[in-house]
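*Asks:* What follows is a predicted protein model with its sequence.
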Amino acid sequence: ILAPLQLLTTKAASASVNGPSVKYYLSGTAASLFLITSGANRDILQWTNGSSIWTSETTPGLGTNDPTDIIDFLGDIWVAVGEAANVRRKTGGAWGDGGFPAVFFDSVVNVLYWSDNINELYFATGNPATAANRRGPIYVGDTNTNIRAIKAWDTRVYIGKDDGLYVLQEGRVSKLVDFSSARDPNNFKWMKVWNGALYFPILNGLYRLVGGTTLQAVGPDRGAAGVVEIGQMRAFETLHPTYKSLASGKTGQIVDLIPTENFLYAVIDGVTGTSQIIAY
């Protein structure tokens, strides 16, 4: 199923996009679809209404830094390029230095959140290009596990790391769900909200958090015990066997979650012959 998708990444009539896709992002600010890519030919590309090819952004200034995330905020486009360089900011049609490093973004109303330096969370109440508006760091867990995703949702900010799900509420960070026994760098990546629940991958499985209190395994082969209350997660090591990964033939890590009006699609990067898209 994934092979035909390669046909969508046409940059010009005779040349394909020259780099692995990092993220697609539908921008309300630009009213177009952005694609950021990594590698030797890292790039920021745009697809507008009426486009027939991807158009490379003019001098985005990525240099040798792979982009890691992209977001709209206060009428500008912001592209994170990791901890080694400042974000790229497109304002007034031109790209420039955003003034601070970042790995992952999310925002709510006029507050932008971003991660940096393994386990540090920052935020800005106003334009983050102005240093006086930036706040932090807020430390999330220990320095042995990286922040893999941020999602501002339901009056809280959820932060996913290799070892668990953390929550920022009223200025304090606490560990909500402990996945230390299932530690993995792909955990919580591509975390998305859909139909009133927070969805995220753990190992080769798919989970959701409902109401901030109930954890459910929702993969195709989840087993009979599909619900565990958050308060029970301290006993995760004994409960874990009831949480199975994806079914045979669908085994592999989830590399993206795509919410739509009627379905949540999970893109599975499996071994040869098993990479596919499944709908929930």
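*Replies:* Noted; the coordinates are in hand.

*Asks:* What pLDDT is listed against the residue most central in space within the chain?
*Replies:* Nearest to the mean C-alpha position of the chain, by C-alpha atoms, centre = their mean, lies Trp190 at 3.6 Å. Trp190 is assigned a pLDDT of 86 by the prediction.

*Asks:* Using the three-state scheme, assign it.
*Replies:* For Trp190, the assignment made with DSSP: H, G, I helix; E, B strand; the rest coil gives coil.

*Asks:* Check whether it really touches Leu264, as I assumed.
*Replies:* No - using C-beta atoms under 8 Å, Trp190 is not in contact with Leu264, being 11.1 Å away. Backbone N, C-alpha and C define where each C-beta goes, glycine included.

*Asks:* between the two, what contacts are shared?
*Replies:* Common contacts of Trp190 and Leu264 (C-beta atoms under 8 Å, 6 or more residues apart in numbering): Leu257.

*Asks:* which residues touch the residue nearest to the centre of the chain?
*Replies:* Each residue near Trp190 by C-beta under 8 Å, 6+ apart is listed here: 149, 200-201, 254-257.

*Asks:* Let's see that with 7 Å instead.
*Replies:* By C-beta atoms under 7 Å, 6 or more residues apart in numbering, the residues touching Trp190 are 149, 201, 254, 256-257.

*Asks:* if I look at it, how far off is Ile268?
*Replies:* As defined by C-beta to C-beta, to the nearest Å, Trp190 lies at a distance of 12 Å from Ile268.

*Asks:* Need the residues touching each of those two.
*Replies:* With contacts defined as C-beta under 7 Å, 6+ apart, the residues shared by Trp190 and Ile268 are Ile254.

*Asks:* Would you map the helices across the protein?
*Replies:* 236-239 (DSSP state H).

*Asks:* quick one: low-confidence ranges for it?
*Replies:* Low-confidence segments of the chain (pLDDT under 70): 1-16, 219-251, 270-280.

*Asks:* mind redoing it with 50?
*Replies:* Applying pLDDT under 50 to the chain flags residues 1-11, 13-15, 223-226, 229-245.

*Asks:* Ile258 and Asp184, how far apart?
*Replies:* Relative to Asp184, Ile258 is positioned 21 Å away (C-beta to C-beta).
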